[in-house]
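K.L.:
Sequence below, structure please.
(chains A and B)
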Amino acid sequence: MGVAQKILLSLSDSFSESYLQPERIDRFIHKESHILFQKLVQNGIESFSSKEQEILLRLNRQLPLLNVDVIPVELKLEKKEITVEEFEAWQAALEKGRVINKGVLLPRSASMLLMVLTSTERDSDFIEENMDLLLRHVEVKREQALQKYTEPLSKKAIWEERCTVGVLFSAFARQKKDWRFLNAALKLNEWLWKEYHRPFNGLPSLPLLAALVEQEVVFKELQSC
Amino acid sequence: MLKVMLFAPIHTSLYSRLVLHGLLQESQVQVVGVAVRTPWNMKRIRSEWKRDGNRLAQKFIRKYLLREKAFTQVRIENLASYAASVYLPEGTLRDLAEKASVPYCVCRDLSDQTCEAFVKQNTPDLIAFTGGGLIRKNILQLPTYGVLNCHTGILPPYRGMDVVEWTALENAVQKVGFGATLHYMDKGVDTGPILLVHSIQPHAGESFSEIRMRLEVEMVRGMLEGIRGIAAGVLEAHAQAAQDGRQYFVMHPRVKAVAEQRLQVQLKK
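P.N.:
Below you'll find the predicted structure:
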């Protein structure tokens, strides 16, 4: 084998796939949850919005599975994030029953689907069809995915929507034992991680924390299946 | 005589060169053209970089610069050893086409106007697609028989990307196995009618890259066998039902690590 050939072969081998290491995710989860629970103890749950309260409740259930300490008190919701009326209005606004049409998403779709997913009276066909649409959209559009909505949203609202899709993908992967959705969550959350760590982004950490915690819990669970 | 045109992703592709070399030796086949995508297209480079990341750099070094030499230290059957066994001449697709007086076309995209005009001018009955991105309706509808693709997995269950890895991840090595599937292309991803499947038996301790190397040889064999069968009128395609398979996407490295562990467990059984 010639020298040039050897160099090229070792150069090719050196291009390993780079990705967000689980140790970095673990450090982020520990740090952010510590800050979050400190705030919770100091200010009480009423200082959080209803959406944040839902996330807190979820985190409180899941963080022990990742060996992260949580506060030893039972959290009670002040107000449910989504009411029945809100859900019915959202569903009625769907075009052909789809949460996404030509790359444009109806706001709050991920939260709504997440709610339907955990409800006992869920319509499986509705969820599966829409989850497949979301999966394809995220895999094809990659970093540009989930950016367009049927109405103008603030940068923070778009951030929250995208992070909630990260949670939704992992939750669906767990329910269906379908790695394709966890695979998409890993990619989506990695793009969100990069966005969050850009200087002066002004984005809240809680939605990303929720997406990463869900991802890590489900990864552990599917790996042991 | 079946008039066949070859579509290739790059002029140095060993897979494409082997298929062209094989077709040129078929008595019932006339190769009426070779259409190749230019690698020097910023839009293509950007989109492949986004999709593949560092894998694109690996692909460039191995497929564009090293070609057969990339397999020098490989002991199992691979495209280079197969190329040696069929006496594939050195050089590029252009060299092979020129030597056989086959019309040759370089285009930015295999569905662009240049390519469409080339297909219309040379009227193939069949197109053998050996890679190079999406093929749109304007091209799919031109050849009488259609456009053939050989997929690196078993259809219908495993459609899309990285399906060797997905098969292992889903513990389907025994049930579904590994293979290359020859099918007609349609507007979906690997959803067109199936002509034939070439399965391989994986060995204990084999890695994904070794399985892929063996599958690449089966893709050449499958493509040539399929075209021979179509030319002789003895091969029939069978439609796939949408619900018989799922589409898979590029696998995240963390998931791939799990798939690797599961592959070894399944191969020991």
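K.L.:
could you give me the average pLDDT of stretch A:23-33?
P.N.:
On average, the pLDDT along stretch A:23-33 is 96.
K.L.:
what's next to that stretch, contact-wise?
P.N.:
Under the contact criterion Cβ atoms under 8 Å, 6 or more residues apart in numbering or on different chains, stretch A:23-33 has outside partners A:59, A:63, A:66, A:68, A:70, A:205, A:206, A:209, A:212, A:213, A:215, A:216. In short, each C-beta sits where N, CA and C put it, glycine included.
K.L.:
Which positions in it come out as buried?
P.N.:
A:25, A:28, A:29, A:32, A:33 (16 or more other Cβ atoms under 10 Å in any protein chain shown).
K.L.:
Reformat the residues you listed as TSV; add secondary structure and distance to residue A:145.
P.N.:
Below are the buried residues of stretch A:23-33 laid out as TSV (DSSP: H, G, I helix; E, B strand; the rest coil; distance: Cβ to Cβ, whole Å):
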residue	secondary structure	distance to residue A:145
A:25	helix	20
A:28	helix	22
A:29	helix	24
A:32	helix	24
A:33	helix	27
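K.L.:
and the residues you listed as TSV, adding distance to residue A:141?
P.N.:
Shown next, in TSV, are the buried residues of stretch A:23-33 (distance: Cβ to Cβ, whole Å):
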residue	distance to residue A:141
A:25	23
A:28	25
A:29	27
A:32	27
A:33	30
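K.L.:
and of the residues you listed, the nearest to chain B?
P.N.:
The nearest member of the buried residues of stretch A:23-33 to chain B, counting by Cβ to the nearest Cβ, is residue A:25 at 10.0 Å.
K.L.:
gap between the closest one and residue A:173?
P.N.:
According to Cβ to Cβ, to the nearest Å, residue A:25 and residue A:173 sit 16 Å apart.
K.L.:
next one: residue B:252
P.N.:
12 Å.
K.L.:
next one: residue B:259
P.N.:
From residue B:259 to residue A:173 the distance is 15 Å (Cβ to Cβ).
K.L.:
more neighbours, these two?
P.N.:
Higher neighbour count among residue B:259 and residue A:173: residue A:173, with 25 against 21, using other Cβ atoms under 10 Å in any protein chain shown.
K.L.:
now the strands for the chain?
P.N.:
You didn't pick a chain, so chain A it is. A:100-101, A:104-105 (DSSP state E).
K.L.:
if you could check chain B rather than the one you did, that'd help
P.N.:
Counting by DSSP E, the strands of chain B are B:2-8, B:29-37, B:104-107, B:126-129, B:146-151, B:158-160, B:178-184, B:194-200, B:246-248.
K.L.:
Could you list the residues in contact with stretch A:127-140?
P.N.:
With Cβ under 8 Å, 6+ apart, stretch A:127-140 has contacts from A:97-100, A:103, A:109-110, A:113, A:116-117, A:145-146, A:165, A:168-169, A:172, A:180-181, A:184, A:187-188, B:247, B:249-250.
K.L.:
Flag every residue of the stretch 101-250 of chain B that's near chain A.
P.N.:
Contacts of the stretch 101-250 of chain B with chain A, taken as Cβ under 8 Å from any Cβ of the partner chain, map to B:166, B:169, B:170, B:246, B:247, B:248, B:249, B:250.
K.L.:
Make sure the fourth one is actually in contact with residue B:159.
P.N.:
Yes: Residue B:246 lies in contact with residue B:159 (Cβ atoms under 8 Å); the separation is 6.6 Å.
K.L.:
Which one's more surrounded, these two?
P.N.:
Neighbour totals were compared for residue B:246 and residue B:159, and residue B:159 leads with 23 against 17 (other Cβ under 10 Å).
K.L.:
Not counting sequence-adjacent ones, nearest residue to residue 210?
P.N.:
Going with chain A. Spatial nearest neighbour of residue A:210, chain neighbours left out: residue A:55 (4.7 Å); criterion: Cβ to Cβ, 6 or more residues apart in numbering or on different chains.
K.L.:
actually chain B
P.N.:
residue B:76 (5.6 Å).
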